[in-house]
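Asker: what shape does this take:
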Amino acid sequence: MENEEFRLVSPAIDKDGRLPRKYTAEGQGALKNLSPPLEWYNLPEGTKSLALVVQDIDAPDPSGPIVPWTIWVVANIPPTLKGLPEGFSGKEEEVGGDYANIKEGHTDWKVPGWRGPKLPSHCHRFEFKLYALDDMMHLGNKVTKERLLELIEGHVLGEAC
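Answerer: Numbering: from 1, shown residues only. Presented below is the predicted three-dimensional model:
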């Protein structure tokens, strides 16, 4: 199993990498803040926790160039889990068990949890990046992408997109 690649997949995202409308905040069929299901495979040996950052990498900045827009930050996912179910965001305490210690961070909307992107066009690309870590992260009360990326430096065993 050592030569098998650490992978992140979502059965909900189509083969062209488009995010289905129900996971966005735009148009008929949108369910606003419904997070998509995710699955991962072949965790690196020694993984003690996982962290996830999801960004719209084609988000326009009204005053300048395209800059990634953070849609979801999740930390301290136990390596015993094989994925996150659809609609998980905001329900980690309800779900309980292995999900109870997962911490959702603040997005670029300044609120925690999945926030369905508002798409001015449907050609946006989304980056889902999962980090396998050699430790649990002690994040404090307010987790952001920047804080998470700073804390995981030196602890990343592998990355999956």
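
Asker: after the worst-scoring helix or strand of the chain on mean pLDDT comes which helix or strand?
Answerer: Ranked by mean pLDDT, DSSP states H and E, the weakest helix or strand in the chain is helix 92-95, scoring a mean of 68. Going down the chain from helix 92-95, the next helix or strand is strand 103-104, by DSSP states H and E.

Asker: in the longest helix seen in the chain, what's buried?
Answerer: Ranked by residue count and defined by DSSP state H, the top helix of the chain is helix 145-152. By 16 or more other Cβ atoms under 10 Å, the buried positions in helix 145-152 come out as 145, 147-148, 151-152. All C-beta atoms are positioned from the backbone trio N, CA, C, and that covers glycine.

Asker: do stretch 125-134 as well
Answerer: For stretch 125-134, the neighbour count (16+ other Cβ under 10 Å) marks 126, 128, 130-133 as buried.

Asker: how about those in a markdown table, adding secondary structure?
Answerer: Output for the buried residues of stretch 125-134, formatted as a markdown table (DSSP: H, G, I helix; E, B strand; the rest coil):
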| residue | secondary structure |
| --- | --- |
| 126 | strand |
| 128 | strand |
| 130 | strand |
| 131 | strand |
| 132 | strand |
| 133 | strand |
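
Asker: and these, which is closest to residue 161?
Answerer: Relative to residue 161, the closest of the buried residues of stretch 125-134 is residue 128; by Cβ to Cβ it sits at 6.5 Å.

Asker: nearest spatial neighbour of the closest one, skipping sequence neighbours?
Answerer: Spatial nearest neighbour of residue 128, chain neighbours left out: residue 54 (5.1 Å); criterion: Cβ to Cβ, 6 or more residues apart in numbering.

Asker: number of nearby residues for the one you found?
Answerer: Residue 54 has 25 neighbouring residues, counting by other Cβ atoms under 10 Å.

Asker: do residue 85 as well
Answerer: By other Cβ under 10 Å, 14 other residues sit near residue 85.

Asker: got the phi/psi numbers for it?
Answerer: phi -80, psi 160 (degrees, to the nearest 10).

Asker: before we move on, the earlier item: quick one, what contacts the residue nearest to residue 128?
Answerer: Contact partners of residue 54, counting by Cβ atoms under 8 Å, 6 or more residues apart in numbering, are 70-73, 114, 126-129.

Asker: neighbouring strands of whichever strand or helix holds it in the sheet, and parallel or not?
Answerer: Using DSSP H and E, residue 54 falls within strand 49-56. The sheet places strand 49-56 alongside strand 69-77 (antiparallel), strand 126-133 (antiparallel), with pairing taken from DSSP bridges.

Asker: I am finished for the moment; much appreciated.
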